[in-house]
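A.B. asks: I need the structure of the sequence given here:
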Amino acid sequence: MTSDAATGRWPDVREIVQVALPLYLSMIAVSLSALVNTAALGRFGTAALAGFGLTAAVCFPAMAAVSGAVRGVMPFIAAEKADPAGVLRVVRNGTWLAVCAGVPGAAAVACVPLLADATGAAVAQLGPFPLLMAGGVLINGFGSMATSGLVALGHSRVVLHAGLAGAACTAVLSPLLVTAAGLGLNGAGIALLISNLVSSTTALLGLRRRLGVRLTGTIDTRVHFGQLLRLAEVGLPMAGTVLVKFGVLGVLAFAAARLSETDIAVHNIATSLVSLMFTAAVAIGQASVPIVSIRASRGDPRGVRRGISAGLLTAMTTLTVICAVIMAFRPFVVPLFTSDPAVASAVTTLLVLVVLVVLGDGLQAILGFGLTGLKRSTPSFVVFAACYGALALAAVPIAEHAGLTGLWVALAVTNLLVATGQGLAFRRESAPSDRVN
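C.D. replies: Numbers count the residues shown, from 1 in each chain. A predicted model of the protein is given here:
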């Protein structure tokens, strides 16, 4: 690393932090409000909580996949940042992408009663709840398109406002509707639907103000299939990556559950810790996309690499600090998740591997978003699917022969392999050539 390169990287680090911090705070607020919703359902009754868990097993991956798909607008909006008409054109096509991704996602959630019936779950406890959650998935697709546009334009504070507004709705309405009004599971569905509506509307209105048009001006009744396909070519592999990750993590949970009740409890707590810490990498990765996209559109491969290098530096520093804090305060952190001494001891022992998993996941996330910024997300999906697919096939045998520790070693190695593959793909795609545009 030359001193000039290091000096040129610091402005990128500052820009990434300025965009990523509001995003991260928004994600934390949403996560905390979800805990309030879960607590309200838990106090109402076990059956309601079980119904929520069954629906959430389909809803959350669907919502994440839809959000991943509409993030395909980010590099296109960033590249058109200096051309308001071009940005508006991408937003209009992005609205159709939200429809194309959101409708199948909502349909999958609406079919949860069929899944419950097939698995022998208590369908009577679900009622209209899956339909309410399906509506939330569809609405969230439009909101995610708006937040992606705002991030690409450098207005992530609006995303924070939207996230806080939605989180406040969930935190206030869930206890009122679930327990006070006695609506139970349906009350949670109404609260989450309103929360998604408020958050998405706030983001859409914020985007509208930045574009200087009416809200209806962000909609084009005509479908431009060629332009829509270009967005989908970037967004759909991102959605596929999300689905692969959720699916394989489900396989890992199954493999851990085959060991013992203690092991599955430890695995679930460790997974929760990873998710909590990994959120920072997602925020930083999204903040890196506009920098990469703008420089790629200018034909500046060195600037592209410098931008993603700044993203990696920011992510690794942030994750290292978060991991260090959790390791230092583990006697206080671990008891928040369990009161079982055996589980607490096992989680504490596993924390080193949890840290390695988080750091590897952070590396691959930043490099994956770098490829998204280059509008080349397919290589990222291929690498991810290959490595995580192999992990899925090996998970049960590894767990049987090496226990939970072996399973987490395999996950850490897999994340490192994904990061290596994506790093090689980014190096190839960001090389000086006519492809970087």
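A.B. asks: Please tell me how far the helix or strand E400 falls within is from the chain's geometric centre.
C.D. replies: Using DSSP states H and E, E400 sits within helix 377-429. Helix 377-429 sits 18 Å away from the centroid of its parent chain (C-alpha atoms, centre = their mean, to the nearest Å).
A.B. asks: And stretch 40-60, by the same measure?
C.D. replies: 21 Å.
A.B. asks: So which residues make contact with it?
C.D. replies: Defining contact as C-beta atoms under 8 Å, 6 or more residues apart in numbering, one finds that stretch 40-60 is touched by 38, 108-109, 111-112, 115-116, 121-122, 125-126, 129-130, 133-134, 136-137, 174-175, 178-179, 184-185, 188, 246. For every residue, glycine as well, the C-beta is placed using N, CA and C.
A.B. asks: Please pick the buried ones from those.
C.D. replies: By neighbour count, with 16 or more other C-beta atoms under 10 Å, those hold 38, 108-109, 112, 115-116, 121, 125-126, 129-130, 133-134, 136-137, 174-175, 178-179, 184-185, 188 as buried.
A.B. asks: Any idea how many residues pack against T221?
C.D. replies: T221 has 6 neighbouring residues, counting by other C-beta atoms under 10 Å.
A.B. asks: Report pLDDT for it.
C.D. replies: Turning to T221, the model gives it a pLDDT of 81.
A.B. asks: Now do the phi/psi pair for it.
C.D. replies: Main-chain torsions, T221, degrees, to the nearest 10: phi -70, psi -20.
A.B. asks: how far away is it from A385?
C.D. replies: 36 Å (C-beta to C-beta, to the nearest Å).
A.B. asks: Could you verify my assumption that L374 touches R295?
C.D. replies: No: L374 lies out of contact with R295 (C-beta atoms under 8 Å); the separation is 9.8 Å.
A.B. asks: Overlap in contacts, those two.
C.D. replies: In contact with both L374 and R295: V304, using C-beta under 8 Å, 6+ apart.
A.B. asks: Tell me who's in contact with V213.
C.D. replies: By C-beta under 8 Å, 6+ apart, the residues touching V213 are L88.
A.B. asks: contacting residues for A283?
C.D. replies: Going by C-beta under 8 Å, 6+ apart, A283 touches A20, L21, L23, Y24, M27.
A.B. asks: per-residue pLDDT, it?
C.D. replies: Per-residue pLDDT puts A283 at 95.
A.B. asks: Now do it against A256, distance only.
C.D. replies: 28 Å.
A.B. asks: And for the nearest residue to I219 once chain neighbours are set aside, the neighbour number?
C.D. replies: Nearest residue to I219 in three dimensions, chain neighbours excluded: T95, at 5.7 Å (C-beta to C-beta, 6 or more residues apart in numbering). Using other C-beta under 10 Å, T95 has 21 other residues around it.
A.B. asks: Could you point out the helix or strand that follows the least confident helix or strand in the chain by mean pLDDT?
C.D. replies: Every helix and strand of the chain was ranked by mean pLDDT, DSSP states H and E. The lowest is helix 112-119, at a mean of 77. Later in the chain than helix 112-119, the nearest helix or strand by DSSP H and E is helix 129-152.
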